[in-house]
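K.L.:
Fold the stuff below for me.
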Amino acid sequence: MYDFVIVGGGIVGLSTSMALGERYPKAKILVLEKENQVAFHQTGNNSGVIHSGIYYKPGSFKAKFSREGCRSMVQFCQEHGIDHEVCGKVIVATSPQEIPRLEKLYQRGLENGLDVKKITSEEVKEKEPHVTSVAGIWVASTGIVNYKQVCQKYAEIIQQQGGEIKFNTKVEKIVATGQNQVLETNNGSFETRFVINCAGLHSDRVAKLGNVDPQAKIVPFRGEYYELIPEKRHLVKGLIYPVPNPDFPFLGVHFTRMIDGTVHAGPNAVLSLKREGYKKTDFNLRDFAEVMSYPGFWKLAAKHSDEGIKEIIRSFSKAAFVKSLQQLIPEVRSSDVVPTHAGVRAQALMNDGKLVDDFLIVKGQNSVHVCNAPSPAATSSIEIGKAVAAEIPEQAHLKPTAVNC
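P.N.:
Model prediction:
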């Protein structure tokens with residue numbers, strides 16, 4: 001009998017387990033992960049940015065958790081000797097038409113309590129000599145880290161707390177037994193008093209296994225990256241972002257200097273034909289059919305058809321991808337970049353065609369389901385974990401310790 005079983009060994013599942021272990025030191029806690037290691041999917045394939053929270057609606061979970069998570073993630077890395085760098089980033093307008101959008105973004109940064117500064121094109125050049133712009137914003141708190149290393153440290157802490165992590169264990173059924181629940185897996189059955197669903201790309205399915213309807217479906221979007229060849233890495237000193245298009249729910253292609261010194265360019269955003277489809281050729285009939293039969297997808301596609309077509313073109317045309325990069329750094333050439341990894345974003349979509357634009361945490365009977373946690377969830381993971389732990393009713397046989405939530 002476990003007190004808490006967490007489904008999913010990504011960064012949110014691990015941070016939640018860690019927070020529960022701190023809050024309930026005597027609790028018996030288990031993390032179930034269907035892969036053979038932690039951080040296998042979204043967490044292990046993202047761009048490694050410690051986000052500031054500038055983009056998100058003031059008062060939202062994303063804005064609050066990202067702002068606080070930016071600080072707590074840096075503090076965690078400092079405490080545990082994890083390589084990271086608070087390098088800051090520039091967000092640049094490349095045409096006069098983008099200036100009003102840049103100004104709105106600056107005001108949003110102020111509303112979210114961030115250290116943001118408007119800078120001239122000359123000041124942009126001082127920070128990023130190869131960028132062409134008409135104006136920019138400097139966001140000092142943004143950083144970079146390897147989130148796989150963060151997850152490995154989370155896992156160590158969980159085990160030090162007495163928690164367990166079982167790999168190669170996929171939840172196939174959840175059965176209520178009075179006040180408890182039994183999770184039936186391909187690797188045995190596990191009984192628990194409380195279930196926390198942090199299954200990422202499969203979070204909506206796990207919720208339904210527990211008789212919870214999140215009122216949204218996970219639609220997978222693949223983000224493809226290129227990497228600057230070593231001889232051209234000098235073109236990018238830190239993080240370079242465009243002004244996001246307010247009519248499109250993604251940030252646009254950008255340059256990211258990774259913590260290992262490599263420089264990635266991207267991502268685009270195209271529908272993945274498989275929830276864990278990292279290649280263009282990956283296909284899963286069930287995943288594909290679910291999306292194609294979901295009214296919300298077709299409403300989304302109709303609304304964003306022009307941008308969607310551009311994203312597809314960028315996916316199949318290196319020239320088109322490079323052209324978008326040249327808007328930021330004109331001297332980048334096709335020969336300067338080579339394909340690298342892709343990631344898949346688990347984005348919740350509602351039936352009316354609206355993307356769930358905030359973290360979505362749904363309560364069930366003796367369960368909590370994190371049903372939308374794309375970027376900036378990695379940055380926010382410590383704060384999400386504490387928030388989820390605080391949402392769980394006190395267990396009669398456990399006494400929580402004083403934890404700052």
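K.L.:
Let me see the mean pLDDT of the lengthiest helix in the chain.
P.N.:
Looking across the chain with DSSP state H, the single longest helix is helix 61-80. Averaging pLDDT along helix 61-80 yields 98.
K.L.:
Mind pulling up the pLDDT for the residue lying farthest from the centre of the chain?
P.N.:
Distance to the chain centre peaks in the chain at residue 178, reaching 35.2 Å (criterion: C-alpha atoms, centre = their mean). Looking at residue 178, its pLDDT stands at 86.
K.L.:
Check residue 246 too.
P.N.:
The model's pLDDT for residue 246 equals 69.
K.L.:
In three-state terms, how would residue 204 be classified?
P.N.:
Per DSSP: H, G, I helix; E, B strand; the rest coil, the secondary structure class of residue 204 is helix.
K.L.:
sorry, back to before: how about the residue farthest from the centre of the chain, phi and psi?
P.N.:
Torsion angles at residue 178 (phi, psi; degrees, to the nearest 10) stand at phi 70, psi -120.
K.L.:
which residues touch it?
P.N.:
Contact criterion C-beta atoms under 8 Å, 6 or more residues apart in numbering gives no residues in contact with residue 178. In short, each C-beta sits where N, CA and C put it, glycine included.
K.L.:
again with residue 68
P.N.:
380, 383.
K.L.:
can you tell me how far it sits from residue 244?
P.N.:
As for residue 68, its distance to residue 244 is 22 Å (criterion: C-beta to C-beta, to the nearest Å).
K.L.:
now residue 394
P.N.:
41 Å.
K.L.:
Compare neighbour counts for the two and give me the winner.
P.N.:
residue 244 (17 against 10; other C-beta atoms under 10 Å).
K.L.:
Surely that one is in a helix?
P.N.:
No: going by three-state DSSP, the assignment for residue 244 is coil, not a helix.
K.L.:
picking up where we left off before, what about the residue farthest from the centre of the chain, distance to residue 366?
P.N.:
Taken as C-beta to C-beta, the span from residue 178 to residue 366 is 10 Å.
K.L.:
How about residue 359?
P.N.:
Taking C-beta to C-beta, one finds residue 359 at 21 Å from residue 366.
K.L.:
cool, residue 315 as well?
P.N.:
43 Å.
K.L.:
Same check on residue 47?
P.N.:
36 Å.
K.L.:
Please pull up the helix or strand immediately following the helix or strand of the chain with the lowest mean pLDDT.
P.N.:
Across the helices and strands of the chain, mean pLDDT, DSSP states H and E gives its lowest value to helix 305-316, namely a mean of 90. With elements assigned by DSSP states H and E, the helix or strand that comes after helix 305-316 is helix 318-326.
K.L.:
Show me what counts as buried in that following helix.
P.N.:
321, 322, 324, 325 (16 or more other C-beta atoms under 10 Å).
K.L.:
can you map out the strands along the stretch 1-150 of the chain?
P.N.:
Along the stretch 1-150 of the chain, counting by DSSP state E, counting those that start in this stretch, strands occupy 2-7, 29-32, 49-50, 84-85, 89-93, 116-120, 135-139, 143-145.
K.L.:
Residue 296: which of the ones you listed is closest?
P.N.:
strand 2-7 (24.1 Å; C-beta to C-beta).
K.L.:
So what's the gap between the closest one and the chain middle?
P.N.:
23 Å (C-alpha atoms, centre = their mean, to the nearest Å).
K.L.:
Which strands border it, and is each parallel or antiparallel?
P.N.:
The strands beside strand 2-7 in its sheet (DSSP bridges) come out as strand 29-32 (parallel), strand 188-197 (parallel).
K.L.:
Residue 315 and residue 366 - which one has more neighbours?
P.N.:
residue 315 (20 against 17).
K.L.:
Spatially, and excluding backbone neighbours, which residue is closest to the more buried one.
P.N.:
In space, residue 315 comes closest to residue 270 once its chain neighbours are excluded; the distance is 4.8 Å by C-beta to C-beta, 6 or more residues apart in numbering.
K.L.:
ok, the residue nearest to residue 101 when sequence neighbours are not counted - contacts?
P.N.:
Distances taken as C-beta to C-beta, 6+ apart place residue 243 nearest to residue 101, at 4.9 Å, with adjacent residues excluded. Shown in contact with residue 243 (C-beta under 8 Å, 6+ apart): 91, 92, 93, 94, 98, 101, 102, 105.
K.L.:
Kindly report the same for residue 144.
P.N.:
48, 49, 50, 84, 85, 87, 239, 256, 257, 258, 259.
K.L.:
so which of those is the most crowded?
P.N.:
The contacts of residue 144, ranked by neighbours (other C-beta under 10 Å): first place residue 50, 26 neighbours.
K.L.:
Please tell me how far the closest residue to that residue other than its chain neighbours sits from residue 209.
P.N.:
Computed as C-beta to C-beta, 6+ apart, the closest residue to residue 50 that is not its neighbour in sequence is residue 143, at 3.7 Å. Using C-beta to C-beta, we find residue 143 at a distance of 37 Å from residue 209.
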